[in-house]
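# Below are the sequence and a predicted model; questions follow.
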Amino acid sequence: MSVTDWFSLNKNIEGVLLDISGVLYNSDASGGKAIAGSVEAVKRLKASHLKVRFCTNESQHIRSHLVQRLQGLGFDVEAHEVFSPAPAACQLVKDRGLVPHLLVDDKILPEFDAFKDDEGKTPNCVVIGDAVERFTYQTLNDAFRVLIASEEPLLITLGIGKYYRESGELMMDVGPFTKALEYAADCKAEIVGKPSPSFFQAALKDMGVDSSKAIMIGDDIVNDVGGAQKCGMRGIQVRTGKFRPSDENHPEVKPDCYVDDLSDAVNRLLSCSSS
């Protein structure tokens, strides 16, 4: 089925979920650069009848800083529209009355300020995110020791991505480090973020849109597209960000369609909706 045919058969779409990095902008050390046409594409989406939310596995920046970065690039984005894993993980840990051992980037530690009073207490779970330079043998071993000391080790991961693109280069994401701890501690991580169904469902609930009437647009074929499809949404993959030509032959995930970029997707979607 062609892209045009696919969109023409899906005029009942009411909500759109957008990934951020690799779809809206490409990140780099200077703060990133908007992908051509993406600022206008978001503006057009938000001016339409469609509801829009932003779902990201970003775990190197707190949500407010991420929103400031996007607004600085020209995007019409508000904090309440952005769903990121750190606040969700914090709420999960609080709800369960846990004491976390944090293996995350220093820049998102403010998201976990609620646990400052727990300093000195014995941790009973590990929260792992994309810790970048904090990933060392020592920090991973410290996390392993927390897990192995428990009869039922609990590992909470802010996503499970394999890699992402930054400054034009592919970088290892939190997934490989999570898998190492899973293997060493003989446990299964609880994912907060994409592709967790609960993460997508929180955004859908916030929009008041059923999964059958929603689309996820992302550059990650497994976590964005595959995760959305498992929740009953359509999944569209852009050929920007971490996309690689080999994605089009993925053995398990088959996107509902591919588009060149977000602008291409929005052009087709709005054209279909208004026809």
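Received, thanks.

# Return, as residue ranges, the portions of the stretch 1-150 of the chain with sub-threshold pLDDT.
For the stretch 1-150 of the chain, the stretches flagged by pLDDT under 70 are 1-11, 29.

# hmm, try it at 90
Scanning the stretch 1-150 of the chain for pLDDT under 90 picks out the ranges 1-12, 27-32, 60-61, 114, 116-120.

# What of the stretch 151-275 of the chain?
The model of the stretch 151-275 of the chain has pLDDT under 90 over residues 165-170, 268-275.

# quick one: what helix or strand has the residue nearest to V222 when sequence neighbours are not counted in it?
The shortest distance from V222 to any non-neighbouring residue, by CB to CB, 6 or more residues apart in numbering, is to V253 (5.9 Å). (C-beta placed from N, C-alpha, C; glycine too.) Applying DSSP states H and E as the criterion places V253 outside every helix and strand.

# residues contacting V253?
V253 sits next to I221, V222, V225, G226, Q229, G235 when contact means CB atoms under 8 Å, 6 or more residues apart in numbering.

# let's see it at 7 Å
I221, V222, V225, G226 (CB atoms under 7 Å, 6 or more residues apart in numbering).

# Just the buried residues from these, in PyMOL please.
A single PyMOL command selects the buried members of these (16 or more other CB atoms under 10 Å):
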select buried, resi 221+222+225+226
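
# how close does the residue nearest to V222 get to P195?
From V253 over to P195 the distance is 10 Å, taken as CB to CB, to the nearest Å.

# Touching both of these two, which residues are there?
The overlap between the contact sets of V253 and P195 (CB under 7 Å, 6+ apart) consists of V222, G226.

# can the contacts of V253 go into CSV with extra columns for distance to L170?
CSV is the format used below for the contacts of V253 (distance: CB to CB, whole Å):
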residue, distance to L170
I221, 14
V222, 15
V225, 18
G226, 19
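
# my guess is R69 contacts K33, does it?
No - if you go by CB atoms under 7 Å, R69 and K33 don't touch, sitting 11.0 Å apart.

# So for those two, which residue has more residues nearby?
Ranked by neighbour count (other CB atoms under 10 Å), R69 and K33 place R69 first, with 18 against 11.

# quick one: contacts of the helix or strand containing the more buried one?
Taking DSSP H and E as the definition, one finds R69 inside helix 63-72. Applying CB under 7 Å, 6+ apart, the contact partners of helix 63-72 are L24, G31, G32, E58, V77, A79, V82, S84, P87.

# Tell me which of these fall in helices.
Within those, residues falling in helices by DSSP state H are P87.

# Tell me the one among the contacts of helix 63-72 nearest to H49.
V77 (18.9 Å; CB to CB).

# And for the nearest residue to the closest one once chain neighbours are set aside, the neighbour number?
Excluding its sequence neighbours, the residue lying closest to V77 (CB to CB, 6+ apart) is L70, at 4.6 Å. Using other CB under 10 Å, L70 has 22 neighbouring residues.

# do the same with G235
G235: 23 surrounding residues under other CB under 10 Å.

# what about the residue lying closest to it once chain neighbours are set aside, distance to Q91?
Nearest non-adjacent residue to G235, counting by CB to CB, 6+ apart: V225, 3.5 Å away. Using CB to CB, we find V225 at a distance of 26 Å from Q91.

# what does H61 give?
According to CB to CB, H61 and Q91 sit 18 Å apart.

# which of those two has more neighbours?
Taking neighbours as other CB under 10 Å, H61 and Q91 compare with H61 leading, 19 against 12.

# contacting residues for the nearest residue to that one once chain neighbours are set aside?
Residue nearest to H61 in three dimensions, not counting chain neighbours: K107, with 5.6 Å by CB to CB, 6+ apart. K107 makes contacts with Q60, H61, I62, as judged by CB under 7 Å, 6+ apart.

# Check G31 too.
Going by CB under 7 Å, 6+ apart, G31 touches R69.

# From R63, how far out is it?
Shown here: G31 relative to R63, a distance of 16 Å by CB to CB.

# just R234 next, same as before
26 Å.

# From D19, how far off is the residue nearest to V222?
V253 is 15 Å from D19, by CB to CB.

# same deal with G235?
Relative to D19, and taking CB to CB, G235 is found at 11 Å.

# cool, V67 as well?
Taking CB to CB, one finds V67 at 15 Å from D19.
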